[in-house]
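1. Predicted model follows, preceded by the sequence.
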Amino acid sequence: MVPSHHHTSVLYDAAIDALAVRPDGVYIDGTFGRGGHTAGLLERLGPTGRVIAFDKDPDACHAGWVRFARDPRLTLVHGGFETVGQWVREAGLEAQVDGLLLDLGVSSPQLDNAERGFSFMRAGPLDMRMDSSAGETAAEWLARADARTIADVLWRYGDERQSRRIAAAIVRQRETQPLQTTTELAQLIESIVRRSPGGSHPATRSFQAIRMHINGETDALESVLEQAMDVLADGGRLAVISFHSLEDRIVKRFMRGYAQPPLPPVPAAPRPPAELDIILRKLRPGPEEVASNPRARSATLRAAQRRRRR
Ligand SMILES: C[S@@+](CC[C@H](N)C(=O)[O-])C[C@H]1O[C@@H](n2cnc3c(N)ncnc32)[C@H](O)[C@@H]1O
């Protein structure tokens, strides 16, 4: 299979609309991918507008540097969006960013490239790192983690009911030969989890869970959301597209927490002021988008606006 270089952006118009783009504004695309949303932002910007985009994936950055080489309004950074606060501070842009977009998860080119090891449907090395230039691969982690830790990851990020049995089988297997490929892991899981008729592949949940763990995805999300409060200008917008219920819950709690701060534990102490207004509570793609792009199936968009600082 030839790797695809194309990624169809999910909830494309809705996400860009949610940012209420101003032609001279400064926008951050935290998940550049193949630059679909970035291109949409650039289209709505005038000559003085700016986009700063991040991606951990060197392949995504190389494709973007070529595609947008002639557009001086874009700065594309190879790095995690969880470094956005530091980047913005160093650039002197703190509290001056008009919108921050996150379109979480993996891109189609990442899934389609067997060498990246994200897909149980493509035979390749068990890698799964979004930043293929750094960090521990899935094979390395599965070769050293204890059964309990592996089971916890499969349960927490994959809701995998057979998590303990799968983890025990991985540990047993590696006594003779550690898992090296996507196919070996997928076959091992298939020998434990029964395929339900019409259901997803038995390895779907485990692959997703291991990927989320290897890339520290929920920690990165929690971190960037907190940083957004310092990065965004008064009136700046935050839009997040997530593909996993755990991620959506993190986004929902974060937005709610700043829109309706909880009462302080001390009686009679004043309630802290709201710092966000929720603009979009939960937008799901319509049936047409899901029919034309099955990846959109589990997407949820939420958006909020930063209130004026006191
Ligand atoms: C769903 S794709 C984004 C697609 C993009 N919106 C488009 O329209 O082409 C997600 C991208 O985010 C990147 N990514 C995931 N976590 C990241 C992080 N913590 N920091 C930077 N990039 C990340 C992945 O490498 C991937 O390229």
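-> Arrived safely, thanks for sending. Numbering: from 1, shown residues only.
2. contacts, neighbours, all on C-alpha from now
-> Noted.
3. May I have the secondary structure class of the nearest residue to Q96 once chain neighbours are set aside?
-> Residue nearest to Q96 in three dimensions, not counting chain neighbours: A233, with 4.4 Å by C-alpha to C-alpha, 6 or more residues apart in numbering. Assigned by DSSP: H, G, I helix; E, B strand; the rest coil, the conformation of A233 is strand.
4. Check what pLDDT the closest residue to R164 other than its chain neighbours gets.
-> Take R164 and drop its neighbours on the chain: the residue closest to it by C-alpha to C-alpha, 6+ apart is A151, 5.0 Å away. If you check A151, the pLDDT there is 98.
5. if I look at A151, how far off is L246?
-> According to C-alpha to C-alpha, to the nearest Å, A151 and L246 sit 17 Å apart.
6. Looking at those two, which is more packed in?
-> A151 (21 against 14; other C-alpha atoms under 10 Å).
7. how about low-confidence regions in the stretch 1-150 of the chain?
-> 1-5 (pLDDT under 70).
8. list the contacts for the nearest residue to D159 once chain neighbours are set aside?
-> Closest residue to D159 apart from its sequence neighbours, by C-alpha to C-alpha, 6+ apart: R205 at 7.1 Å. R205 makes contact with 154, 157-160, according to C-alpha atoms under 8 Å, 6 or more residues apart in numbering.
9. again, but for A233
-> Counted by C-alpha under 8 Å, 6+ apart, A233 has contacts 94-98, 306.
10. one step back: over to the residue nearest to R164: give its phi and psi.
-> With angles defined as degrees, to the nearest 10, A151 sits at phi -60, psi -40.
11. And L100, by the same measure?
-> Residue torsions, per degrees, to the nearest 10, at L100 are phi -130, psi 120.
12. partners of it in the sheet?
-> Assessed by DSSP bridges, L100 has beta-bridge partners I28, L238.
13. pretty sure it contacts D29?
-> Yes: using C-alpha atoms under 8 Å, L100 is in contact with D29, at 6.0 Å.
14. Show me where the chain has its strands.
-> 26-29, 50-55, 74-78, 97-103, 232-242, 276-283, 300-306 (DSSP state E).
15. Show me what the second one is packed against.
-> Based on contacts counted as 3 or more C-alpha pairs under 8 Å, 6 or more residues apart in numbering; DSSP states H and E, the elements that strand 50-55 packs against are strand 26-29, helix 36-44, strand 74-78.
16. Next up, phi/psi of the residue in the stretch 101-250 of the chain that the ligand sits nearest to, please.
-> Per C-alpha to the nearest ligand atom, S107 is where the stretch 101-250 of the chain lies closest to the ligand, at 4.0 Å. Main-chain dihedrals, S107, degrees, to the nearest 10: phi -100, psi 160.
17. Please look at it and T31 and confirm they touch.
-> No: judged on C-alpha under 8 Å, S107 makes no contact with T31 at a distance of 9.5 Å.
18. Pick out whichever of these two has more residues nearby.
-> Neighbours were counted for S107 and for T31 using other C-alpha under 10 Å; T31 has more, 26 against 21.
19. Around the ligand, pick out the residues from the stretch 151-300 of the chain.
-> A220 (C-alpha under 6 Å from any ligand atom).
20. Could you pull out the helices in the stretch 151-300 of the chain for me?
-> Assigned by DSSP state H, counting those that start in this stretch, the helices in the stretch 151-300 of the chain fall at 163-176, 182-190, 204-214, 217-231, 245-259, 287-292.
21. Check those for me and report the most buried one.
-> Mean neighbours per residue, mean count of other C-alpha atoms under 10 Å, is largest over the helices of the stretch 151-300 of the chain for helix 204-214, with a mean of 22.
22. model confidence over that one, on average?
-> Mean predicted confidence for helix 204-214 is 97.
23. next one: that helix to chain centre, how far?
-> 13 Å (C-alpha atoms, centre = their mean, to the nearest Å).
24. Stretch 17-36 now?
-> Here the centre of stretch 17-36 is set off from its chain's centre by 16 Å, with C-alpha atoms, centre = their mean.
25. Please apply the same query to stretch 130-144.
-> On the basis of C-alpha atoms, centre = their mean, stretch 130-144 sits 18 Å off its chain's mean C-alpha point.
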